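Quick one, structure for this:
(chains A and B)
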Amino acid sequence: QKEVEQNSGPLSVPEGAIASLNCTYSDRGSQSFFWYRQYSGKSPELIMFIYSNGDKEDGRFTAQLNKASQYVSLLIRDSQPSDSATYLCAAPFQKLVFGTGTRLLVSP
Amino acid sequence: DVKVTQSSRYLVKRTGEKVFLECVQDMDHENMFWYRQDPGLGLRLIYFSYDVKMKEKGDIPEGYSVSREKKERFSLILESASTNQTSMYLCASSRGGSGNTIYFGEGSWLTVV
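Numbers count the residues shown, from 1 in each chain, chains lettered A, B, ... in the order given. Prediction:
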């Protein structure tokens, strides 16, 4: 069974702090990973993807991939209340498999 | 920008009714997907399609069928709706092959009473 695991949260951080979201996956063969953000009542939207070991930065977001340890993380710097959402990690096992998501709450 | 359009956003249907959910994408994507999302259960794949007239069962296909007669259109059919099919349904598409970005429609909220 191909799996993607996330802590459901909620993860609560104050405004301006760094939020760290983590995800582990079961298949060492997975090559690319995706982070989606989903606001309540809305559909998921892609934030970023990563396929190489190390860090990938896009604005306030940094994705980190460690294939040896089979985890991928998303860091959000200078967290804003508008970042409050559920963050879904996804990995391709023939088709894309999603984690159940981590709910992030950023308090003003 | 990729556009995935789900024509029915909010539906209320009676138990036993046949329900059609339509999805159209405008990016010439080969792959199309239907998911349902329920609180605490995350996104669960119902069916997907790699090509016209091709379909593959996902994780929870029971009670559902699909149709893909044209590349841009993927329909989800509930032959006889039941209350446990009350959910948000998400259509998505991606380029061919595996590991490509999936783009979602806005979702269809179905309530079966």
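
In space, what's closest to A:N66 - neighbours in sequence excluded?
Leaving aside its chain neighbours, A:N66 sits nearest to A:N53 (6.5 Å; criterion: C-beta to C-beta, 6 or more residues apart in numbering or on different chains). Glycine gets a C-beta too; all of them are placed from N, C-alpha and C.

Kindly provide the distance from the one you found to chain B.
Distance of A:N53 to chain B, computed by C-beta to the nearest C-beta, to the nearest Å: 16 Å.

Which residues of chain A lie near chain B?
For chain A, the residues in contact with chain B (C-beta under 8 Å from any C-beta of the partner chain) are A:8, A:31-32, A:34, A:42-46, A:49, A:88, A:90, A:92, A:94-96, A:98-101.

mind checking how far the residue nearest to A:N66 is from A:K67?
Computed as C-beta to C-beta, to the nearest Å, the A:N53 to A:K67 distance reads 5 Å.

Without its sequence neighbours, what residue ends up closest to A:S30?
Closest to A:S30 by C-beta to C-beta, 6+ apart is A:A91, at 4.6 Å.

who's in contact with A:A85?
For A:A85, the contact set (C-beta atoms under 8 Å, 6 or more residues apart in numbering or on different chains) comprises A:R37, A:Q38, A:Y39, A:S40, A:R103, A:L104.

Over to it: give its phi and psi.
When read as degrees, to the nearest 10, the backbone of A:A85 gives phi -170, psi 180.

Low-confidence bits of chain A, can you list those?
A:1-2, A:93-94 (pLDDT under 70).

need the helices for it, in chain order.
Applying DSSP state H to chain A gives no helices.

out of the residues of chain A next to chain B, which are inside strands?
Among the residues of chain A next to chain B, the ones falling in strands (DSSP state E) are A:F34, A:E45, A:L46, A:F49, A:L88, A:A90, A:P92, A:K95, A:L96, A:F98.

The last one against A:T86, yeah?
By that I understand A:F98. No. A:F98 is beyond contact range of A:T86, at 10.9 Å (criterion: C-beta atoms under 8 Å).

Report the two of the ones in strands among the residues of chain A next to chain B separated the most.
Greatest spacing in those, by C-beta to C-beta: A:E45 and A:K95 (19.1 Å).

which parts of chain B sit against chain A?
Going by C-beta under 8 Å from any C-beta, the residues of chain B near chain A are B:33, B:40-43, B:45, B:48, B:58, B:90, B:94, B:98-99, B:101-107.

So for A:N53 and A:K67, which residue has more residues nearby?
A:K67 (17 against 10; other C-beta atoms under 10 Å in any protein chain shown).

How about the contacts made by that one?
Residues near A:K67 by C-beta under 8 Å, 6+ apart: A:R28, A:N53.

Over to B:F33?
Residues near B:F33 by C-beta under 8 Å, 6+ apart: A:K95, B:L45, B:Y47, B:F48, B:S49, B:G58, B:F74, B:C91, B:A92, B:S93, B:S94, B:I102.
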